[in-house]
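Student: from the sequence below, what's the structure:
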Amino acid sequence: MAKKVRDATLSEYVAEILKRSVYEKGEMLEVVVAEAPDLPGCLTQAPTFEEARENLVDAIEVWLMSGLRSGEDPPIVNGCRLAITTAPQGPSAKPRSRLKA
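Tutor: Model prediction:
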């Protein structure tokens, strides 16, 4: 039986990604490397765990926005799909975010 997929807000989606994130001490430098394995190539580093986690949240958001601008669908993470709305089209349309906050 397939697991049910639910739509998630940006903050819920990021929280699911953070649950599976990996943190390691740097091999050559005194840093903490933070990686989001669900998002290929999404990683960062900082001097402390707390800063690495904060940087990772920023990196996740940049990774997602870059993919959305390229027309890619974000991966389903822990049964969560990022809820995306369609922006209005046409000259009278007001710009809106495509992500539910």
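Student: can you tell me the centre-most residue of the chain?
Tutor: With distances taken as Cα atoms, centre = their mean, residue 60 lies nearest the centre of the chain, 3.4 Å away.
Student: for that residue, what are phi and psi?
Tutor: phi -60, psi -50 (degrees, to the nearest 10).
Student: find the nearest non-adjacent residue to residue 30, please.
Tutor: residue 47 (6.8 Å; Cβ to Cβ, 6 or more residues apart in numbering). All C-beta atoms are positioned from the backbone trio N, CA, C, and that covers glycine.
Student: next: residue 26.
Tutor: Leaving aside its sequence neighbours, residue 26 sits nearest to residue 33 (Cβ to Cβ, 6+ apart; 5.7 Å).
Student: so that neighbour is in which element?
Tutor: Assigned by DSSP states H and E, residue 33 belongs to strand 32-35.
Student: paired strands for that strand, with orientation please.
Tutor: Strand 32-35 has its sheet partners listed here by DSSP bridges as strand 22-25 (antiparallel), strand 43-46 (antiparallel).
Student: I'd like those strands as JSON lines, with mean pLDDT and distance to residue 79 appended.
Tutor: What follows is these, written out as JSON lines (pLDDT from 0 to 100; distance: least, Cβ to Cβ, whole Å):
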{"stretch": "strand 22-25", "mean pLDDT": "96", "distance to residue 79": "20"}
{"stretch": "strand 43-46", "mean pLDDT": "96", "distance to residue 79": "23"}
